[in-house]
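Enquirer: My questions are about this predicted structure, shown below with the sequence.
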Amino acid sequence: MSAPAQRLGLATKVSYGLGAAAQGVGGVALATATINFYLISVVGMRPALVGVVILVSLVIDAVVDPVIGRWSDTFRSPWGRRHPFMYASALPIALAICFFWRHPAGLSQGELAAYVLVMLIVVRLAGGLYVIPSDALAPELAPDYHERTSLISWRWFFGLFGASAAGFILRFVFLRKDAAHPLGQYDPAAYAGFGLAAAVLVFVAILVSAAATHRYIPQLRPAPRRRQSAPETLREIVRVLANPSLIAIMVSGLISGVASGIGQTLADFMSYSFWDLTPQTAALVGFWAAPGAIAGIALAPALSRALDKKRTMITVFTLSVCTGVIPTSLRLLGLAPPNGSPWIPVMLAADLFVASSLGLVGFVIVGSMVADVVEDAAVKTGVRSEGLLFAANGLLPKVTAGVGGLIGALMLEAVHFQATVRPGQVQHVDPAVMRHLALLSLPTGAVLNLVAIGVLGFYRIDRSTHEANLEALRTAAAVTEPPSALPTGPDPALAGPPL
């Protein structure tokens, strides 16, 4: 039930982390910010209707995710518990991303909303088939308390790298202005082209990552052979999800999910209409998230060892929230340079670099903390439920991100933001409208994030607790059956075929 601690080689960390590139690219292709701007300002849907569609798709996704997690925990096949789901997800995700950006012409508002909803549901459910089993591999690949933090750092690095690269491609390649579209972000054909490119990249990244970790299948734990009635299964799920440390993480994610939904919904509107950035300048600013990711990878394991996970996470998340509000606060106070100044993108890029570095450290450590809950729950329940735990951790934040998205859309309605422009026109938004929007969104998001950080203080697993859990699981395994352990010699990935 518990593999001994081992040192993972670079090849293992890279091959595992590579799969997050698909999440990064797909995250840009279906990011709330991108979807909202496209559907509201390009397609012409009502902001409130867009908010409802996104919320419904996220609620459905959140309900189904624990089912996927539980299914992958108990699935038995020659390819193990996780990999069949990962392989099966690639094509549905790619097709849904492609068709989302290529909706049929002439649809009414209701018909368009129905089409968008179906595509979002398909891509989110197919995404769960990949993300949940893939995330669930981490506790098995890295049972050591600190080693799994390093492994998850690579996961976040590739996720942010994929997102940065996709954002750069979207704005520099597809959203270029031309004679018909003085501002390229209003060109519907550009989004269709990007959707196709994103679909191909996601498809390839998923298959490459799944194939790269395929060699570990014989070393991973198979699902136990058990017969359970529906009430017994439900009771077991409740026992697993009742873990106090998991509840602290989930409640924190619930609160921060609302803030995240608001921020993502308004991100592109703030870039284009509050700061008056072009898509290309916004891409250059966003590019600095990648160096921030590299800094975060270097910092996360070191800070975790120096301060322990919970203290590190609370510190860096708090600093990230405080740093992230600086540029908008300066503008509201009249202390920022005027729009059009070359110092605006410099200020935003520097802020993004610092905030993303700190934020990445926090997210990496939270992911490692969720992995630590796996053994803690296994000691209390006798069952390893990696897939269920990772799915549960993402359940409430998805719902509340949808709620936050709806709140953000209602904020746009409240300030009377103009929805669309016609081809060949340049949209000029009243600065008072954007100032009103910033005054609504900035304090709301900051307060919610700080409350979420405070809730994480109730997390109770530290290094000594984790090591005691591992020892308890080894003792239980010695009584029942020999452990299925990962090798303690050289990293097998180094001897395998090249990635």
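Expert: Structure's in. What do you need?
Enquirer: Please report the residue range of the longest helix in the chain.
Expert: helix 343-381 (DSSP state H).
Enquirer: Mind listing what's buried along that one?
Expert: For helix 343-381, burial by neighbour count (16 or more other Cβ atoms under 10 Å) applies to 344-345, 347-349, 351-379, 381. In short, each C-beta sits where N, CA and C put it, glycine included.
Enquirer: now that helix: mean pLDDT?
Expert: Per-residue pLDDT over helix 343-381 has a mean of 84.
Enquirer: How about G195: what's its closest non-neighbour residue?
Expert: The shortest distance from G195 to any non-neighbouring residue, by Cβ to Cβ, 6 or more residues apart in numbering, is to W101 (3.0 Å).
Enquirer: wait, doesn't the one you found sit right on A189?
Expert: No. Assessed by Cβ atoms under 8 Å, W101 is found out of contact with A189, at 9.7 Å.
Enquirer: what about the residue nearest to G195, distance to L299?
Expert: 36 Å (Cβ to Cβ, to the nearest Å).
Enquirer: Looking at these two, which one has more neighbours?
Expert: With neighbours defined as other Cβ atoms under 10 Å, W101 and L299 compare such that W101 has more, 23 against 18.
Enquirer: who touches that one in this structure?
Expert: By Cβ atoms under 8 Å, 6 or more residues apart in numbering, the contact list for W101 reads A29, Y38, Y191, A192, F194, G195, L196.
Enquirer: of those, closest to H146?
Expert: The shortest approach to H146 among the contacts of W101 belongs to A29, at 34.0 Å (Cβ to Cβ).
Enquirer: what residues does stretch 442-455 touch?
Expert: So stretch 442-455 is contacted by 248, 251-256, 258-259, 262-263, 314, 317-318, 321, 325, 328-329, 332, 407 (Cβ under 8 Å, 6+ apart).
Enquirer: Now do the buried residues in that stretch.
Expert: So, applying 16+ other Cβ under 10 Å, buried residues of stretch 442-455: L442, T444, G445, A446, L448, N449, L450, A452, I453, V455.
Enquirer: Keep only those of these that are in helices.
Expert: Those of the buried residues of stretch 442-455 lying in helices (DSSP H): L442, T444, G445, A446, L448, N449, L450, A452, I453, V455.
Enquirer: Just give me the closest of these to R46.
Expert: The closest of these, once distances to R46 are taken by Cβ to Cβ, is T444, at 21.7 Å.
Enquirer: Could you measure from the closest one over to M411?
Expert: Per Cβ to Cβ, T444 is found 9 Å from M411.
Enquirer: what residues are shared contacts of the two?
Expert: I262.
Enquirer: count of neighbours near the residue lying closest to S77 once chain neighbours are set aside?
Expert: Nearest residue to S77 in three dimensions, chain neighbours excluded: P84, at 5.3 Å (Cβ to Cβ, 6+ apart). A count of nearby residues for P84, using other Cβ under 10 Å, gives 18.
Enquirer: so P84 sits right up against P78, yeah?
Expert: No. Counting by Cβ under 8 Å, P84 stays clear of P78, with 9.0 Å between them.
Enquirer: With adjacent residues omitted, what lies nearest to G162?
Expert: Nearest to G162 is G24, by Cβ to Cβ, 6+ apart, at 2.6 Å.
Enquirer: related to what we said a few turns ago, separate out the buried members of the contacts of stretch 442-455.
Expert: Here, 16+ other Cβ under 10 Å leaves 248, 251-256, 258-259, 262-263, 314, 317-318, 321, 325, 328-329, 407 buried among these.
Enquirer: Narrow these to those in helices?
Expert: Among the buried ones among the contacts of stretch 442-455, the subset assigned to helices under DSSP H consists of 248, 251-256, 258-259, 262-263, 314, 317-318, 321, 328-329, 407.
Enquirer: will you turn the buried residues of stretch 442-455 into CSV that also has distance to A336 and pLDDT?
Expert: Converted to CSV, those look like this (distance: Cβ to Cβ, whole Å; pLDDT from 0 to 100):
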residue, distance to A336, pLDDT
L442, 13, 93
T444, 20, 93
G445, 18, 91
A446, 17, 92
L448, 24, 93
N449, 22, 91
L450, 23, 93
A452, 27, 90
I453, 26, 90
V455, 32, 91
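Enquirer: Of the residues you listed, just say which sits nearest to P244.
Expert: V455 (12.0 Å).
Enquirer: Ramachandran coordinates for R102?
Expert: phi -130, psi 60 (degrees, to the nearest 10).
Enquirer: residues near G9, how many?
Expert: G9: 15 neighbours (other Cβ under 10 Å).
Enquirer: again with S57
Expert: 24.
Enquirer: For it, give its distance to V122.
Expert: 9 Å.
Enquirer: And for L91?
Expert: Applying Cβ to Cβ to L91 and V122 gives a distance of 11 Å.
Enquirer: more crowded one of these two?
Expert: Taking neighbours as other Cβ under 10 Å, L91 and V122 compare with V122 leading, 18 against 14.
Enquirer: If we ignore the residues flanking it in sequence, what's nearest that one?
Expert: That would be A96: by Cβ to Cβ, 6+ apart, it lies 4.1 Å from V122.
Enquirer: I'd guessed the one you found sits against M119; true?
Expert: Yes. In this structure A96 lies within contact range of M119 using Cβ under 8 Å: 5.3 Å.
Enquirer: Please say which of those two ends up with more neighbours.
Expert: Higher neighbour count among A96 and M119: A96, with 25 against 21, using other Cβ under 10 Å.
Enquirer: mind listing what the more buried one touches?
Expert: Per Cβ under 8 Å, 6+ apart, neighbours of A96: M119, L120, V122, V123, A126.
Enquirer: Need the pLDDT of the closest residue to the fourth one other than its chain neighbours.
Expert: The spatial neighbour of V123 that comes closest, neighbours along the chain excluded (Cβ to Cβ, 6+ apart), is A96 at 3.7 Å. Looking at A96, its pLDDT is 89.
Enquirer: roughly how far apart are A96 and S209?
Expert: 19 Å.
Enquirer: Need the phi and psi values for G44.
Expert: According to degrees, to the nearest 10, G44 has phi 100, psi 20.
Enquirer: Over to A142?
Expert: phi -140, psi 80.
Enquirer: The closest residue to it other than its chain neighbours: which element?
Expert: Closest residue to A142 apart from its sequence neighbours, by Cβ to Cβ, 6+ apart: R148 at 3.7 Å. Element membership for R148, per DSSP states H and E: helix 147-169.
Enquirer: Name the next helix or strand downstream of that helix, please.
Expert: In N-to-C order, the element after helix 147-169 by DSSP H and E is helix 188-212.
Enquirer: between that following helix and helix 147-169, how many degrees?
Expert: 150 degrees (axes from the mean of the first three to the mean of the last three Cα atoms, to 10 degrees).
Enquirer: what helices or strands is the next helix or strand after helix 188-212 leaning on?
Expert: Counting by DSSP H and E, the element after helix 188-212 in chain order, helix or strand, is helix 230-241. Counting contacts by 3 or more Cβ pairs under 8 Å, 6 or more residues apart in numbering; DSSP states H and E, helix 230-241 packs against helix 47-74, helix 343-381, helix 386-414.
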